[in-house]
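J.: kindly generate the corresponding structure for this input.
(2 chains)
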Amino acid sequence: MPLDTSTYSLALLRVDGRRWNELRRIHAQIRTQAAADGSSYLEMGHTKVMCVVTGPSEPGPRRGGAGGTGGGGGVGAGGQSKDAEVVVNIVIAGFSSVDRKRRGRGDKRTLEMQSTLANTLAATLHTHLFPHSQINISLHVLSQDGSLLAALINAATLACVDAGIPMTDYVTACTAGSTSTYAANDEGADPLLDLNHQEEQELPGLTVATLGDSDKVVALVCESRVQISRLEGMLAVGVDGCKQVREILDQVIKAQGQKMILDGTVDKGTGLNDMDLD
Amino acid sequence: MPREAEPSLNEKNFVLQALQDSVRLDGRELEEYRPLALTFGDQYGVADVTLGKTRVLAKASAELTVPYADRPLDGIFNIATELSPMTSPAFEVNRPTETEVLVSRLLEKTVRRSGALDTESLCLVAGQKCWSIRVDVHVLSHDGNLIDAACFAVVAALRHFRKPDTSMEGGVLTVYTPAEREPVPLSWLHSPFCVTWSFFGEEGDIALLDATWMEEQVRSGSCTISLNKHGEICQIAKLGGVPVEAVSLLQCTNIALIKAKDLSSKLDNWLAEDAKRRDKGGLLAELSAENDRVPDM
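T.: Here you go, the predicted model:
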């Protein structure tokens, strides 16, 4: 049921007290699972996801023969291909949203997200370095409060970095919305950054994923009706948000690297002598 | 599972190199569609769309059912997509491939979630009786750009479709056969059309519309934009693939709007022609039980 956010125009504050260009709190960790090749945990507000990366490794036995019918979105042709296949599997926990919903394996929305993630990551991971192999990315959604796809992309990026898979740059994602409904053509509508569940339900919005510091859009998903004139503002705010997210993820990675050097887990590289570790 | 035969390295390079010089294999401009044709069946709600060598058949049908318990005031509207082995050996019956899932999700988002069909008007008795409208999409021949063709077929089928007229009197619901009362059109709110861009090259700087199957096999990314003629975006799906500058995506959207308007007027013309063909002797207006939506003065 749509809620009422029409109070926005009064104080220019959103339902959770943010201004239009504010992200929610992002908390991220990498190397959360010791046994995995790469792993991460990411919170964007109340959206919480975990990611585990296995691989690149030899592709396992094919289930039913088809490229990821059960497992979901796979890109590349696995065993025969010159590129590594990226297989994504998303599990949405039953307790993750307010109403407990049972989602089967064949849920189309999940399948679509799996395929989006696989294609997004395949565009940035250097899959040509690992012929005849498979990169398994498994994501678990623990709590949902909007911007789910964005959180999944960010978590997968972190886990891939942790797994040490060569990639062009970070792929970061966030959502953007607009305060006007699709019918209203009012010019005063503000774009909004990082929608929560409530806003996602009643306002038009889109998810945008960009590559590193550039304005290059890897994935763009808009599922609501919106005036074409709103798109430019929403996209600009979204791309800007992705850059902010990138900074945050970069800090997480650097902090972990520093910690590993201080712990003596890895040797301090020669180029790092002048780096301040304190 | 048999896989689709991939084009050879020579073919791939040839297509890509030609595209660097803005030349397509079939001599089209980059932003030009293949010839689009639409034939309606004898029945209402059957649309057969051909786009070059791609051919899609959509059939709309209606049946009386009980509405979902959580939506007692809404009718039911479903789009079923089927890619049969007839189209390509890579498709199998009862095992949806990724393409099939993506096509059906896109159609659903474009037509159903954008509210093109007013589902409330399908409800007859709250919580007890409603129409269930179903559109079956069959791909008869696949030569690229399935999504645009399928979306056009679905919209055409639904706008052409007529459901049996009904009346409620003293709690008794009567459904009239076409012989008793002329069937009535669905309550249609807007017509969305999909326009798919394909991107080529490492940088994704070559963008073209209406890719053929060969072009689809060598492309490095795609973006499907659904719009109606009023300039409303119903859905955008760039599901991964090569990174594209945000500015060029905006340009793509603006060109897509022009194409959507073009598709919209084409469909309007075809529908008008078909209505004229069916209206032999000009009796249809008299037979119709539908009320004019003009308020009495």
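
J.: how about residue A:266, nearest residue that isn't a chain neighbour?
T.: residue A:260 (5.1 Å; CB to CB, 6 or more residues apart in numbering or on different chains). All C-beta spots, glycine's among them, are computed from the backbone N, C-alpha and C.

J.: any idea of the mean pLDDT for the strand or helix carrying the one you found?
T.: Using DSSP states H and E, residue A:260 sits within helix A:228-263. Averaged across helix A:228-263, pLDDT comes to 92.

J.: report the buried residues of it.
T.: A:228, A:230-231, A:234-242, A:244-246, A:248-249, A:252-253, A:256-257, A:261 (16 or more other CB atoms under 10 Å in any protein chain shown).

J.: what does stretch B:135-154 give?
T.: For stretch B:135-154, using 16+ other CB under 10 Å, the buried residues are B:135-139, B:141-154.

J.: cool, stretch B:73-93 as well?
T.: Quick answer for stretch B:73-93 (16+ other CB under 10 Å): B:74-77, B:79, B:81-83, B:87-88, B:90-92.

J.: endpoints of it, how far apart?
T.: One end of stretch B:73-93 to the other measures 35 Å (CA to CA, to the nearest Å).

J.: again with stretch B:210-226
T.: 14 Å.

J.: wait, does that stretch make contact with chain A?
T.: Yes: Stretch B:210-226 lies within reach of chain A by CB under 8 Å from any CB of the partner chain, at B:221, B:223.

J.: now that stretch: average pLDDT?
T.: On average, stretch B:210-226 scores 92.

J.: which residue ranges form the strands in the stretch 101-250 of chain A?
T.: A:134-143, A:171-178, A:191-193, A:205-211, A:216-222, A:226-227 (DSSP state E, counting those that start in this stretch).

J.: any idea what sits nearest the closest residue to chain A within the stretch 151-297 of chain B, other than its immediate chain neighbours?
T.: Chain A sits closest to residue B:240 of the stretch 151-297 of chain B, with a gap of 2.5 Å, by CB to the nearest CB. Closest residue to residue B:240 apart from its sequence neighbours, by CB to CB, 6+ apart: residue A:119 at 2.5 Å.

J.: neighbours of that neighbour, how many?
T.: 23 (other CB atoms under 10 Å in any protein chain shown).

J.: show me the contacts for residue 51.
T.: All of this is about chain A. A:39-42, A:137-140, A:152, A:155-156, A:158-159 (CB atoms under 8 Å, 6 or more residues apart in numbering or on different chains).

J.: hmm, I had chain B in mind actually
T.: So residue B:51 contacts B:33, B:34, B:35, B:36, B:37, B:145, B:148, B:149, B:152, B:210 (CB under 8 Å, 6+ apart).

J.: skipping adjacent residues, who's closest to the fifth one in space?
T.: Spelled out, it's residue B:37. Per CB to CB, 6+ apart, closest to residue B:37 is residue B:50, 4.7 Å.

J.: how far off strand A:205-211 does whatever helix or strand residue B:255 lives in point, in degrees?
T.: Element membership for residue B:255 (DSSP H and E) is helix B:246-278. Helix B:246-278 runs at 140 degrees relative to strand A:205-211, counting by axes from the mean of the first three to the mean of the last three CA atoms, to 10 degrees.

J.: can you name the residues bridging to the closest residue to residue B:257 other than its chain neighbours?
T.: Computed as CB to CB, 6+ apart, the closest residue to residue B:257 that is not its neighbour in sequence is residue B:227, at 5.4 Å. Taking DSSP bridges, one finds residue B:193, residue B:233 as the beta-bridge partners of residue B:227.
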